[in-house]
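Q: Predicted model and sequence follow; I will ask about them next.
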Amino acid sequence: MTPGQLQKLRTGLPAFSAARGTTPLQREFCRYYGIDFSAGRPGLQYRLGAVPSGGFTLAVHRWLQRDATRNLLLVHGYFDHSGLFGKLIEYGLSQDCNVLIFDLPGHGLSSGEPAVIDDFADYGRAIRAVLEAGDLPRLPLWVMAQSTGCAALVEYARQYPWPFFAAVLLAPLVRPLGWRGGRLAHSLLRPFVDSVKRTFVPNSTDVEFQAFLRSDPLQSRRLPVRWVTALRRWQAALPTADLGVGPALIVQGDADRTVDWRYNLPLYQKLFPGSQVVLLPGAGHQLANETALLRRQYLDSVGVWLALQNGSPNPKEIIR
C-alpha cells in the first residue's frame with residue numbers, strides 16, 4: 001500500500017461503534033498485511049474503526065466468530081502495528097477466541113506523531129478506551145502483549161481494575177539492550193536533536209518477515225528523543241512490587257538483541273509474582289513474528305498456561 005492510501009484510510013476511519021461492513025480500502029489493507037481471515041471461517045465478522053483516547057484517535061480491529069468461548073486482546077510493541085500481528089490474530093481465532101487489537105498512539109493507523117509518546121500512562125489509558133469501546137461478548141478475557149505492549153499493560157494494571165483471567169507477556173520491556181550507553185547518549189543529544197535515525201537490527205530469525213519489515217510503509221524511520229524521555233520517566237516511577245493482578249506467563253528469546261532481558265525478567269517477576277518464565281533458545285525479540293518452529297514451541301506453553309488458568313480443554317493446533 002502507498003503512504004497516500006494509508007493516510008486516506010487513517011483519516012477516513014468511522015467511529016468504531018458506527019462501523020458497519022468494510023470499504024475497498026480496508027479490504028486492501030487486510031490483504032496487504034495478511035489479516036484477512038474470512039476464508040474458511042463462515043460467519044466471521046470483522047470491524048475496523050476509530051476510538052478516542054485522550055487526545056488520540058486509535059485504530060481498532062475486531063474479529064467476532066460463531067461459538068467463541070473466550071476473548072483475546074493483543075497489544076503490540078514499539079514501532080509495530082496491528083497489521084504485523086496476523087500470526088497471533090490467527091492463533092487466537094484458531095483457539096475459538098474473538099480477537100481485539102489496536103494501534104498504540106503514534107503507531108499504524110492511530111493518530112499521534114510517529115512513534116512518539118510523552119507519558120507511558122497514555123498507553124494504559126489507550127487499553128482502557130479500547131476495552132470499553134470494543135463491545136466484546138461477555139466471555140472470559142485474556143491478553144497477550146509484546147515488548148512495549150507489556151509496559152502498556154503494566155500501566156493499565158496501575159490505573160484500572162484488572163479484567164483478564166490470564167496474561168501472556170512476550171519479551172517484556174523495561175530496559176533496552178545497551179541502556180547505560182543509550183541513556184548517556186539521550187542526555188547529551190536531547191537539547192540538540194528531536195530524533196535519530198532508526199537502525200533495523202534483526203529481531204527475528206524469520207528472514208521473510210525481516211525483509212517485509214524494512215519495506216513496510218507504516219514503519220517509522222526515526223527514533224524520537226521524546227519517546228526515550230518518556231521511557232526514562234516511566235522507569236523512574238515503576239514500582240518493583242506486586243501489582244496485585246496475579247501471575248503471568250512470560251516468554252523470552254535468549255537471542256533477543258532489543259531488550260535487556262536479564263535485567264527485565266526478574267523485575268517482571270516482582271510485578272507479577274508466581275509467573276512462569278519460558279526461555280526460548282535461539283529466538284529473537286519479535287516473538288509475534290518468529291519462525292513457525294519457534295512460535296509452535298512457545299504457543300504450546302501458552303495453551304497449557306491458559307488451560308491451567310481456567311480449566312479449558314487442550315488447545316487446538318495451528319501454526320502457519
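A: Good, I have the coordinates. Numbers count the residues shown, from 1 in each chain.
Q: Can you show me the CA trace of stretch 12-32 as CSV?
A: The C-alpha atoms that make up stretch 12-32 are tabulated as CSV, following Å, rounded to 0.1, in the frame of the first residue of the first chain:
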residue,chain,number,x,y,z
GLY,A,12,-11.5,8.1,6.9
LEU,A,13,-11.9,5.6,9.8
PRO,A,14,-15.5,5.7,11.1
ALA,A,15,-16.2,5.7,14.8
PHE,A,16,-15.8,2.1,15.9
SER,A,17,-19.3,2.0,17.3
ALA,A,18,-20.8,3.0,14.0
ALA,A,19,-18.6,0.9,11.7
ARG,A,20,-20.5,-1.5,9.5
GLY,A,21,-19.1,-3.6,6.8
THR,A,22,-15.7,-2.9,5.1
THR,A,23,-14.6,-0.5,2.5
PRO,A,24,-12.5,-1.5,-0.5
LEU,A,25,-9.5,0.4,1.1
GLN,A,26,-10.0,-1.5,4.3
ARG,A,27,-10.1,-4.8,2.5
GLU,A,28,-6.9,-3.9,0.6
PHE,A,29,-5.2,-3.1,3.9
CYS,A,30,-6.2,-6.5,5.3
ARG,A,31,-4.9,-8.3,2.2
TYR,A,32,-1.7,-6.4,2.1
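Q: how about it: buried residues?
A: Using 16 or more other Cβ atoms under 10 Å as the test for burial, stretch 12-32 gives 13, 16, 19, 22, 26, 29-30. (C-beta placed from N, C-alpha, C; glycine too.)
Q: could those residues be laid out in CSV, adding pLDDT, secondary structure and distance to residue 105?
A: Below are those laid out as CSV (pLDDT from 0 to 100; DSSP: H, G, I helix; E, B strand; the rest coil; distance: Cβ to Cβ, whole Å):
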residue, pLDDT, secondary structure, distance to residue 105
13, 96, coil, 14
16, 95, helix, 16
19, 89, coil, 20
22, 90, coil, 24
26, 96, helix, 21
29, 97, helix, 19
30, 96, helix, 22
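Q: Go through these and say which is closest to residue 157.
A: Set against residue 157, the nearest of the buried residues of stretch 12-32 by Cβ to Cβ is residue 16 (23.8 Å).
Q: which residues sit in contact with the residue nearest the centre of the chain?
A: Among the residues of the chain, the one closest to the centroid is residue 76, at 1.3 Å (Cα atoms, centre = their mean). Contact analysis of residue 76 by Cβ atoms under 8 Å, 6 or more residues apart in numbering lists 82, 84-85, 101, 103-104, 107, 146, 149, 288.
Q: Redo those as JSON lines? Include pLDDT, secondary structure and distance to residue 249.
A: JSON lines is the format used below for the contacts of residue 76 (pLDDT from 0 to 100; three-state DSSP; distance: Cβ to Cβ, whole Å):
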{"residue": "82", "pLDDT": "98", "secondary structure": "helix", "distance to residue 249": "22"}
{"residue": "84", "pLDDT": "98", "secondary structure": "helix", "distance to residue 249": "21"}
{"residue": "85", "pLDDT": "98", "secondary structure": "helix", "distance to residue 249": "18"}
{"residue": "101", "pLDDT": "98", "secondary structure": "strand", "distance to residue 249": "19"}
{"residue": "103", "pLDDT": "98", "secondary structure": "coil", "distance to residue 249": "24"}
{"residue": "104", "pLDDT": "98", "secondary structure": "coil", "distance to residue 249": "22"}
{"residue": "107", "pLDDT": "98", "secondary structure": "coil", "distance to residue 249": "24"}
{"residue": "146", "pLDDT": "98", "secondary structure": "strand", "distance to residue 249": "13"}
{"residue": "149", "pLDDT": "98", "secondary structure": "helix", "distance to residue 249": "14"}
{"residue": "288", "pLDDT": "97", "secondary structure": "helix", "distance to residue 249": "15"}
